[in-house]
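[1] Give me coordinates for this.
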Amino acid sequence: MSAEKNHEREFDVIVQGASGFTGVLVAEYLLRQYGVDRDLRWAIAGRDRAKLESVRQNLGESAAQLKILVAESFDKRALAELAARTQVVLTTVGPYALYGSDLVEACVMAGTHYCDLAGEVHWIRKMIDAYQDEARRTGARIVHCCGFDSVPMDIGVWFLQKAALEKTGQYCKSISMIVKATKGTASGGTLASMVNLIKESRANREVARILVHPYSLNPEGEREGPDKRDQKKVLYRKDIETWTAPFVMAGVNTKVVRRSHALAGYPYGKEFRYDESVATGRGFMGWLKGTVMTLGLGGVVLLATFSGTRKLMQRYVLAKPGEGPDRKLQQEGFFKLMQHGVFSDGSTIRSTITGDQDPGYGSTSKMLGECAVCLTKDDLTAGGGVWTPASVMPEALITRLENNAGLTFELCD
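    This next block holds a predicted model:
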């Protein structure tokens with residue numbers, strides 16, 4: 001059945017992994033924003049019915065009619081039945097390289113739209129190669145990276161370039177995204193994904209190559225361009241008058257932005273450049289902060305590279321899967337990003353992107369929820385395929401994010 005003809009299905013959205021840390025947050029958000037069987041017909045799913053029933057009970061009386069479905073990550077029959085009952089599957093079950101492939105296949109075969117929080121570039125490349133053609137045939141829109149990596153950055157580039165064209169009649173030839181401030185912590189699930197990524201890259205040179213290649217998510221035959229590898233050291237940016245350090249998520253975000261540009265047909269020109277970093281301030285203290293951040297990030301990666309130290313970190317240092325920041329930390333969290341665009345004549349344009357909760361969980365759960373709702377409720381023109389947020393639903397999604405999810409996208413004066 002074509003994904004464009006599945007409106008008679010039982011559900012609009014199924015949240016797979018709803019008993020996990022982020023899955024619970026998504027369920028809470030959808031209930032708060034859309035209720036049950038009102039504007040949105042949705043259900044929760046996972047491998048353990050008892051845990052799902054506990055989630056429903058903790059959601060309160062308003063969730064009493066919320067349906068529960070059981071499907072384990074490697075049960076292909078159950079996943080196929082799950083996908084056939086809904087217009088969209090939203091999944092928080094990671095690491096996706098370990099647990100996500102069969103669900104993508106089920107959605108593609110059923111013509112069901114799909115969104116996730118994957119930041120595992122090698123796995124996303126694998127899904128593109130395996131399912132792009134079949135997803136086009138069935139009409140399934142497969143959209144990875146629907147959380148803090150990489151919605152604000154990907155949609156942010158679309159927003160700034162749209163504003164640039166409206167104001168000047170031309171697009172920026174380059175955009176830099178600079179993290180100005182964030183407050184939040186990582187959950188065990190995210191850390192597990194990062195550790196698995198390092199482990200796989202250590203064991204497989206092809207995985208390592210995909211992770212460092214600037215255009216590894218671009219379509220075949222379109223994996224060349226002016227951008228080099230992501231920033232790895234402390235650099236002073238004269239144009240924004242600050243020291244900058246490497247951004248831990250740049251390795252995902254930059255590739256997603258470049259894929260969006262490629263899928264759109266290169267409207268900004270094939271020489272368009274994009275990079276990301278973290279602002280650490282001016283003067284000696286700015287340099288020192290950047291140096292400490294860079295060494296710290298490098299140290300974590302180094303320790304996770306070797307099996308012995310990796311196991312020690314997992315046992316004694318890193319949060320376990322299912323763990324994450326408490327409610328107070330989520331609500332006190334925030335993020336502020338700046339995008340600095342440069343035109344061919346050297347003139348500039350800037351925008352800011354903000355989120356009102358912890359970027360990794362409070363804000364991410366809302367972004368993911370709105371991506372799923374956008375895929376089922378909004379009039380999108382893109383057909384089936386493996387997409388990015390900005391290539392399939394930029395205008396509709398930015399409206400939802402600003403109206404419902406606590407994000408802002410604004411031009412600077």
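[2] Just to be sure, residue 74 is in a strand?
    No. Using DSSP: H, G, I helix; E, B strand; the rest coil, the secondary structure at residue 74 is coil, not a strand.
[3] The residue nearest to it when sequence neighbours are not counted in helix, strand or coil?
    Nearest residue to residue 74, sequence neighbours excluded (Cβ to Cβ, 6 or more residues apart in numbering): residue 102, at 6.1 Å. (Each C-beta comes from the backbone N, C-alpha and C, glycine too.) Here residue 102 takes the helix state, with states given by three-state DSSP.
[4] number of nearby residues for residue 102?
    Neighbours of residue 102 under the rule other Cβ atoms under 10 Å: 17.
[5] Same question for residue 297.
    Residues near residue 297, counting by other Cβ under 10 Å, number 16.
[6] if I pick it, what's in contact with it?
    245, 246, 248 (Cβ atoms under 8 Å, 6 or more residues apart in numbering).
[7] can you count the residues close to the last one?
    Summarising burial for residue 248: neighbours were counted as other Cβ under 10 Å, giving 18.
[8] any idea how far it lies from residue 194?
    8 Å (Cβ to Cβ, to the nearest Å).
[9] What separation do you get for residue 338 and residue 410?
    Distance from residue 338 to residue 410, by Cβ to Cβ: 11 Å.
[10] Pull up the overlap in contacts between those two.
    Jointly contacting residue 338 and residue 410 under the rule Cβ under 8 Å, 6+ apart are 351, 352, 353.
[11] Among residue 338 and residue 410, which residue is more densely surrounded?
    The neighbour count for residue 338 versus residue 410, taken as other Cβ under 10 Å, is higher for residue 338 (19 against 13).
[12] Check which helices and strands the strand or helix carrying the more buried one sits against.
    Using DSSP states H and E, residue 338 maps to strand 334-342. On a contact count with 3 or more Cβ pairs under 8 Å, 6 or more residues apart in numbering; DSSP states H and E, strand 334-342 meets helix 151-168, strand 174-183, strand 348-355.
[13] Quick one: mean pLDDT over the longest helix anywhere in the chain.
    Taking DSSP state H as the criterion, the chain has its longest helix at helix 283-305. What helix 283-305 shows for mean pLDDT is 86.
[14] Would you mind listing the buried residues in it?
    For helix 283-305, the neighbour count (16 or more other Cβ atoms under 10 Å) marks 286, 287, 289, 290, 293, 294, 297, 300, 303, 304 as buried.
[15] cool, and stretch 399-413?
    Across stretch 399-413, burial judged by 16+ other Cβ under 10 Å covers 400, 401, 404, 405, 406, 407, 409.
[16] can you list the residues that contact that stretch?
    33, 151-152, 155-156, 159-160, 163, 338, 349-357, 363, 366-367, 369-370, 373-374, 378, 398.
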